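*Asks:* sequence and predicted structure are below.
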Amino acid sequence: MASSGSLGQFEQLVLTAILTLREDAYGVTIHGKIGELIHPKTVSLGAVYITLDRLEDKGLVASRLSDPTPERGGRSKRFYRLQALGERALQESAVRAKRIWDGIAEVWGKEWAKEWGKRGGKEVG
Amino acid sequence: MQPAPPKTLEAIAGLLLPPACREDILGDLHERYTSPGQYVVEIASTVPHAILSRIRRTADLEVLLMEALVLYSSFLAAAWYLDPRFLMTNWQLFRLSIPAAVALGALMLADAYAIPGKRPTLQPIREAALSIAFAFLSQVPLLAVSRGLAVSRWIMLSGGGISLLLISTVRMLFPQPAERSRGVTANGPLILRTLKGEPMNLSAKLFMICAALICIAVAGWTAFQNQHRPAKVNYSAFLQQVESGKVASVIIGPANSGASQLTGTLKDGATERTVLPSEYSDALAAMQDKLVDIEIRESSSLLMNSVPFLLLLGIWFFMMMRQLQNRPRTRS
């Protein structure tokens, strides 16, 4: 069975964006969703494309071209969806992040964790 | 009505983007368009990423290594054949690597910009010719900066000719597989698969070993020649030695750009060399006067000099014919 390998931070963001966008994950929407996730930082569209290509090469996502649409000057969209390997890699990343969070909360206290949990939620929302 | 980017800007972006990702990226840029300035900034930040990503996906490390060896060996062989003295001076091996590196970069770009799924029969020759044209162009800024940095015209022409034949042959022997049309394979891009240590095919290994051996042989022979070359003396010092009766025999080589190489053996057994001017009747008279044994060697014929090139041309023609014969027939 192929290994999902470890993901870089930006790869985790791109996979999360594809997961949350479900059927509407293509260049522009993925870039927009990542912008929300890393606010107030910004990221270039080119960096998103190069990461999408890399994830596709790793077999974590798959892509397909849609029919051309007039609002895009008669050009197609390339839609992305998570593959089983991508889902597993994202789950592993989430579990790892949870362990880090729990480790920090154990030292700095539950009040700190609650406070930062609320802040994080507000920033993303 | 949604604003649309100016047609000219869109056409420029279309030209810059590799065909494999042109459709979706142009569509995304169109959708995000707000003003010409914003569009230009987006093109400038997106196109380099798209090209790099395509190069990463299409570059095959095995073939790239082969091509690098072939290009460098071609220019090295041309320099060795036409002007061995060129290789004796400092930095000449580095100077030869400049056109080879530029040609290799052009080949990588040619792969990145190849149209997925389309590979005409003459494509390998076209790509090889393009890369050699870039190698020639690389000499223009070098000539402008300093003549010393550029490689001589004849070495460029001969090295370029040999490279053209060999690179197109390599590309015919190891074509890009159809699965590389979007760079995707089951196990990732080819460059990563090679770096991960997946096995090379046997012909690629043999080819690389042969090319590496040729390079080592040329470098070794050059070093050997350099070590065992007779000491160089200037023309006046040589004449003085002739007149003082110290010279036993001389061999005068064929003229190259008007000047001839002379290798002399002294009566004490030592050898030395000098360059004779185009008119050396004085030296000849002095040598005859001192009963020096003179041997004049004629230049080898044009046909003999062309044998290696004709051999390469023959191999290339054979490969080309085989490629044409193996081409799938679309019409019955």
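*Replies:* It's in. Numbering: from 1, shown residues only, chains lettered A, B, ... in the order given.

*Asks:* run a quick neighbour tally on residue B:82.
*Replies:* As a burial measure, residue B:82 scores 16 neighbours (other Cβ atoms under 10 Å in any protein chain shown). Using the backbone N, CA and C atoms, a C-beta is placed for each residue, glycine as well.

*Asks:* residue A:62: neighbour count?
*Replies:* Per other Cβ under 10 Å, the neighbour tally for residue A:62 reads 14.

*Asks:* what strand or helix carries it?
*Replies:* strand A:61-65 (DSSP states H and E).

*Asks:* next secondary structure after that strand?
*Replies:* Next along from strand A:61-65, by DSSP H and E: strand A:78-82.

*Asks:* circling back: which other residues reach the strand holding residue A:62?
*Replies:* A:15, A:18, A:52, A:55-56, A:76-83, A:86, B:23-24 (Cβ atoms under 8 Å, 6 or more residues apart in numbering or on different chains).

*Asks:* which residues of chain A lie near chain B?
*Replies:* A:26-28, A:44-47, A:49-50, A:53-54, A:56-59, A:65, A:68-69, A:71-73, A:75-78 (Cβ under 8 Å from any Cβ of the partner chain).

*Asks:* just the buried ones from those residues?
*Replies:* When the residues of chain A next to chain B are checked for burial by 16 or more other Cβ atoms under 10 Å in any protein chain shown, the buried set is A:26-28, A:44-47, A:49-50, A:53-54, A:56-59, A:72-73, A:75-78.

*Asks:* next step: these restricted to strands.
*Replies:* residue A:78 (DSSP state E).

*Asks:* kindly calculate the angle that the helix or strand encompassing residue A:100 makes with strand A:61-65.
*Replies:* Residue A:100 is part of helix A:84-108 when elements are defined by DSSP H and E. Interaxial angle of helix A:84-108 relative to strand A:61-65 (axes from the mean of the first three to the mean of the last three Cα atoms, to 10 degrees): 130 degrees.

*Asks:* can you give me the angle helix A:84-108 makes with strand A:78-82?
*Replies:* Relative orientation of helix A:84-108 and strand A:78-82, computed by the same axes, to 10 degrees: 60 degrees.

*Asks:* how far away from the center of its chain is helix A:84-108?
*Replies:* Distance, stretch centre to chain centre, for helix A:84-108: 14 Å (Cα atoms, centre = their mean, to the nearest Å).

*Asks:* what does it contact?
*Replies:* Counting by Cβ under 8 Å, 6+ apart, A:2, A:4-7, A:12, A:15-16, A:18-19, A:55, A:58-61, A:82, A:112-113 sit against helix A:84-108.

*Asks:* again, but for stretch B:103-116
*Replies:* Stretch B:103-116 is contacted by residues B:18-20, B:51, B:54-55, B:58-59, B:64, B:67-68, B:71, B:123, B:127-128, B:130-135, B:163, B:167, B:176, B:181-182 when judged by Cβ under 8 Å, 6+ apart.

*Asks:* enumerate the positions of the helix holding residue A:100 that are buried.
*Replies:* By 16+ other Cβ under 10 Å, the buried positions in helix A:84-108 come out as A:85, A:86, A:88, A:89, A:90, A:93, A:105.

*Asks:* cool, stretch B:137-145 as well?
*Replies:* For stretch B:137-145, a neighbour-count test (16+ other Cβ under 10 Å) marks B:138, B:139, B:142 as buried.

*Asks:* wait, the last one sits on residue B:156?
*Replies:* By that I understand residue B:142. No. Under the criterion of Cβ atoms under 8 Å, residue B:142 is not in contact with residue B:156, lying 10.8 Å apart.

*Asks:* pull the helix or strand with minimum mean pLDDT from chain B.
*Replies:* Between all helices and strands in chain B, the lowest mean by mean pLDDT, DSSP states H and E belongs to helix B:190-195, at a mean of 52.

*Asks:* starting at the chain centroid, how far to stretch A:72-88?
*Replies:* 13 Å.

*Asks:* measure it end to end?
*Replies:* 33 Å (Cα to Cα, to the nearest Å).

*Asks:* and the gap between residue B:39 and chain A?
*Replies:* Plainly put, residue B:39 is 12 Å away from chain A if you go by Cβ to the nearest Cβ, to the nearest Å.

*Asks:* contact partners for that residue?
*Replies:* Residue B:39 neighbours (Cβ under 8 Å, 6+ apart): B:5, B:6, B:9, B:13, B:29, B:33.

*Asks:* quick one: which of those has the most company?
*Replies:* residue B:29 (27 neighbours).

*Asks:* what residues of the helix or strand that contains that residue count as buried?
*Replies:* Residue B:29 belongs to helix B:19-32 when assigned by DSSP H and E. Judged by neighbour count (16+ other Cβ under 10 Å), helix B:19-32 contains these buried residues: B:20-32.

*Asks:* ok, which of those residues also contact chain A?
*Replies:* Restricting these to those near chain A - Cβ under 8 Å from any Cβ - leaves B:21, B:23, B:24, B:25, B:26, B:27, B:28, B:29, B:30, B:31, B:32.

*Asks:* so who does the fifth one touch?
*Replies:* To tie it back to what came earlier, the one meant is residue B:26. Contact analysis of residue B:26 by Cβ under 8 Å, 6+ apart lists A:73, A:75, B:10, B:13, B:14, B:17.

*Asks:* redo that, cut-off 7 Å
*Replies:* Each residue near residue B:26 by Cβ atoms under 7 Å, 6 or more residues apart in numbering or on different chains is listed here: A:75, B:10, B:13, B:14, B:17.

*Asks:* hang on, the first one packs against residue A:28?
*Replies:* No. If you go by Cβ atoms under 7 Å, residue A:75 and residue A:28 don't touch, sitting 11.7 Å apart.

*Asks:* any idea how far the helix or strand where residue B:282 lies is from the chain center?
*Replies:* Residue B:282 belongs to helix B:281-289 when elements are defined using DSSP H and E. The gap between where helix B:281-289 is centred and where its chain is centred comes out at 44 Å by Cα atoms, centre = their mean.
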